[in-house]
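Participant: Below is the sequence, then the predicted model.
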Amino acid sequence: MAAHHHSEEIAVRQQNWEAELVDPLLKRYPERQEQFTTTSDIALKRVYTPVDNDSSTYLEQLGFPGQFPYTRGVYPTMYRGRPWTMRQYAGFGTATESNERYKFLLERGQKGLSVAFDLPTQIGYDSDHVMATGEVGKVGVAIDSLQDMETLFDGIPLDQVTTSMTINATAATLLALYIAVAKKQGVPLAKLGGTVQNDILKEYIARGTYIYPPQPSMRLITDLFAYCESELPRWNTISISGYHIREAGSTAVQEVAFTLADGIAYVQAAIESGLDVNKFGMQLSFFFNVHNHFIEEVAKFRAARRLWARIMRDRFQATEPKAQMLRFHAQTAGSTLTAQQPDNNVIRVALQALAAVLGGAQSLHTNSRDEALSLPTEESVEIALRTQQIIASETNVNKVIDPVGGAYAIEALTDTIEERASAYIQRIDDMGGAVKAIELGFQQNEIQQSAYRYQQEIEERSRLV
């Protein structure tokens, strides 16, 4: 009852503040815009107060780190126990050049590898195939054989690093080659740690590097789930990706909604193939973008964690805590980097990286300042890695778990993003699920509309770059 009276008093005081201080000032000095919004078109209030957060639902909505619904983090001690993995994404034309870059990064304190493959490798063509002409080694490393894979990881002990591979249509093939390299090194498979992206649905939505139709592709994915469950217990069998959805022009809400809707489709397919949600659910991971709207991005990660925990518990009856956790890798937004004044990208990346850390990422890639121009130089890559190391070692934000938790604006945005993403997921369910919605072009059309709106705002100068 006391809290109710307290809220009433705050609401009255706020009305008085607006009448006595804000309104007279607005008559003389209007605000810069009639309405301020996030990139997801969520209206931002002038100020947030305890009235905007219902403290009576604290345990149900927030709770504690490492406990359902994991809003405040998936581990009880988060970065106080272990910092996030600094995993810089890299891949050059040849396996030899890529190997040199990996060693350069590991020597400077990087903790995990992240492999970028070229387009022919991503869609199953050898480098000498006529369809590969002009694309070999352009956006990543070309892998045509086991020998290439051995060269790529030469001198890198695979039981001492974790490796993320951004590969989808040919994920099973590349993982088989990685396992063969590990066997040649004498590394037990139970010690292999890492991730294959293996997320084909977002390829149909946002990227296009698919080979097979959706249904056979889903079969390949669930077969890989089954194999890793018995042979590679430390391997993340999929990285359900919102990154490319966001790069294609989605809003933060759409990124959460479409990514989790894809996740639902994978879980459903795995259950239908006879797998145990409490086992394969522990090996699922996610991959998100970190865009420019700082507080919306922090809230986005918290909302995604909470929503996924509820989906796994309530929709799929997952009882194993690790199967309810949304663990994610984040990468700063490539689409926000400018070719003009590239040094400014250092600042953009630093702020996006900080948002990922405040949002509780498990691993992070920071883009290099010159990526809008070319493959990054060694100097640029080192600055990108040092950005993470400075956040980890000098800002001290990692000494408190969820340091922005309880901030009125953050909590209000977390709630709104969860509500709006849930509404999108319901629409996709009503169409028959993510695969059916993709076949109808639903997600693609929604993203195109958002991307068009965003570009219009830039050209009208209502959004400043």
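Facilitator: Here it is on my side, so go on.
Participant: What helix or strand is the residue nearest to the spatial centre of the chain located in?
Facilitator: Taking Cα atoms, centre = their mean as the criterion, residue 288 is the residue nearest the geometric centre of the chain, at 1.2 Å. Per DSSP states H and E, residue 288 falls inside strand 284-290.
Participant: pLDDT (mean, whole number) over that strand?
Facilitator: Strand 284-290 carries an average pLDDT of 96.
Participant: ok so, going back, so who does the residue nearest to the centre of the chain touch?
Facilitator: Applying Cβ atoms under 8 Å, 6 or more residues apart in numbering, we find residue 288 in contact with 242-243, 246, 255, 259, 300-301, 304, 328-331, 361. In short, each C-beta sits where N, CA and C put it, glycine included.
Participant: Just put those in TSV and tack on distance to residue 434.
Facilitator: Formatted as TSV, those follow (distance: Cβ to Cβ, whole Å):
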residue	distance to residue 434
242	13
243	17
246	17
255	14
259	10
300	19
301	21
304	16
328	18
329	21
330	22
331	22
361	24
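Participant: Including secondary structure and pLDDT, could those residues go into JSON lines?
Facilitator: Output for the contacts of residue 288, formatted as JSON lines (DSSP: H, G, I helix; E, B strand; the rest coil; pLDDT from 0 to 100):
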{"residue": "242", "secondary structure": "coil", "pLDDT": "96"}
{"residue": "243", "secondary structure": "helix", "pLDDT": "96"}
{"residue": "246", "secondary structure": "helix", "pLDDT": "96"}
{"residue": "255", "secondary structure": "helix", "pLDDT": "98"}
{"residue": "259", "secondary structure": "helix", "pLDDT": "97"}
{"residue": "300", "secondary structure": "helix", "pLDDT": "98"}
{"residue": "301", "secondary structure": "helix", "pLDDT": "98"}
{"residue": "304", "secondary structure": "helix", "pLDDT": "98"}
{"residue": "328", "secondary structure": "strand", "pLDDT": "96"}
{"residue": "329", "secondary structure": "strand", "pLDDT": "94"}
{"residue": "330", "secondary structure": "strand", "pLDDT": "96"}
{"residue": "331", "secondary structure": "strand", "pLDDT": "96"}
{"residue": "361", "secondary structure": "coil", "pLDDT": "98"}
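Participant: Of those residues, which is the nearest to residue 462?
Facilitator: residue 246 (20.4 Å; Cβ to Cβ).
Participant: Could you report the separation of the closest one from residue 265?
Facilitator: In this view, residue 246 and residue 265 are 19 Å apart by Cβ to Cβ, to the nearest Å.
Participant: on that earlier part again, can you put the contacts of residue 288 in JSON lines and add neighbour count and distance to residue 87?
Facilitator: Output for these, formatted as JSON lines (neighbours: other Cβ atoms under 10 Å; distance: Cβ to Cβ, whole Å):
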{"residue": "242", "neighbour count": "29", "distance to residue 87": "17"}
{"residue": "243", "neighbour count": "29", "distance to residue 87": "13"}
{"residue": "246", "neighbour count": "29", "distance to residue 87": "18"}
{"residue": "255", "neighbour count": "30", "distance to residue 87": "20"}
{"residue": "259", "neighbour count": "32", "distance to residue 87": "19"}
{"residue": "300", "neighbour count": "32", "distance to residue 87": "20"}
{"residue": "301", "neighbour count": "28", "distance to residue 87": "17"}
{"residue": "304", "neighbour count": "29", "distance to residue 87": "19"}
{"residue": "328", "neighbour count": "27", "distance to residue 87": "12"}
{"residue": "329", "neighbour count": "27", "distance to residue 87": "7"}
{"residue": "330", "neighbour count": "29", "distance to residue 87": "10"}
{"residue": "331", "neighbour count": "27", "distance to residue 87": "9"}
{"residue": "361", "neighbour count": "22", "distance to residue 87": "10"}
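Participant: Nearest to residue 30 among those?
Facilitator: For the contacts of residue 288, the nearest to residue 30 is residue 300 (30.4 Å; Cβ to Cβ).
Participant: Excluding sequence neighbours, find me the nearest residue to the closest one.
Facilitator: residue 252 (4.6 Å; Cβ to Cβ, 6 or more residues apart in numbering).
Participant: How many neighbouring residues does that neighbour have?
Facilitator: Close neighbours of residue 252, defined as other Cβ atoms under 10 Å, add up to 29.
Participant: dump the residue contacts of it.
Facilitator: Residue 252 touches 38-40, 246, 291, 293, 296-297, 300, 417, counting by Cβ under 8 Å, 6+ apart.
Participant: again with residue 192
Facilitator: 158-159, 178-179, 182, 232, 234-235.
Participant: try 10 Å
Facilitator: Going by Cβ atoms under 10 Å, 6 or more residues apart in numbering, residue 192 touches 158-159, 162-163, 175, 178-179, 181-183, 228, 231-235.
Participant: again, but for residue 396
Facilitator: If you count contacts by Cβ under 10 Å, 6+ apart, then residue 396 has residue 403 around it.
Participant: That one and residue 263, how far apart?
Facilitator: With Cβ to Cβ as the criterion, residue 396 and residue 263 are 34 Å apart.
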